[in-house]
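> Sequence plus the predicted model coming up.
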Amino acid sequence: MTRGALLGVALVAACATAAKQISPGRLSALPESDRELAESLFDAEQVVAGRLVQVAEAQEYERPGQLVFGAGGTKATAALAYSGEIRVDSTLVGRSGRTVPITFFAPRGAAIPRQDTTAIWILHRRVLWRLKECAERQSVTSTACPSDNGLALDSNSDIRPLAEWPRLQALIGVLGLDPGRR
């Protein structure tokens, strides 16, 4: 019993130290209007400027069916998954390469980034669950669901206009991020 409790505490401690957090001092040094963007940059695996050269629906990451039922019987439309490829022109954070594969999700009918969109892309490392395959296997736990580890957009605010390059560079400097990290 004691050994199991000790193992559980060690596991929780290991997970807690793995989560990245901005020090409160650095965050408070930023204007309120920049804090959400700073948190996104701090969490980013890569920040690149480039052109989206390919976009396609990624059905393997989509939940089957059109509706998702939430707590209390609330209904929401299931998000569609998309994969794309960015041709990189410049890199602010992360490894530099010629192209970067990405994944993103959007509700049906919502605007998605179009092919040939040129922007600054803030990309986050995420577990991408293969929900279609999971449903076909009729898996009830995530341990039976296959997944991929990939770069994803968390929200529309992860796509920034090219004119913001100097601002993002300054924020990365204030946060003390190493441009070549990871």
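Okay, I see it.
> CA atoms for contacts and neighbours, from now on please.
Fine.
> Residues in contact with stretch 80-90: which ones?
With contact meaning Cα atoms under 8 Å, 6 or more residues apart in numbering, stretch 80-90 is reached by 48-59, 61-62, 96-108.
> Same question for stretch 160-168.
Contact partners of stretch 160-168, identified using Cα under 8 Å, 6+ apart, comprise 49, 118-122.
> now stretch 47-60
41, 80-94, 113-123, 130-133, 162.
> What's the PyMOL syntax to select whichever of those are buried?
Buried residues within the contacts of stretch 47-60, by 16 or more other Cα atoms under 10 Å, are selected in PyMOL with:
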select buried, resi 41+80+81+82+83+84+85+86+87+88+91+92+93+94+113+118+119+120+121+122+123+130+131+132+133
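> need the helices for this protein, in chain order.
For the chain, applying DSSP state H gives helices covering 2-18, 24-28, 35-43, 131-137, 165-175.
> Pick out the shakiest of these, pLDDT-wise.
In terms of average pLDDT, helix 2-18 trails the rest of the helices of the chain, at a mean of 37.
> shouldn't Pro101 be in contact with Leu153?
No - applying Cα atoms under 8 Å, one finds Pro101 not in contact with Leu153, separated by 11.0 Å.
> More neighbours: these two, which one.
Comparing Pro101 with Leu153 by neighbour count (other Cα atoms under 10 Å), the higher total belongs to Leu153, at 19 against 15.
> and the longest strand for this protein?
Ranked by residue count, the top strand of the chain under DSSP state E comes out as strand 79-93.
> got the angle between that one and helix 35-43?
Angle, strand 79-93 to helix 35-43, by axes from the mean of the first three to the mean of the last three Cα atoms, to 10 degrees: 80 degrees.
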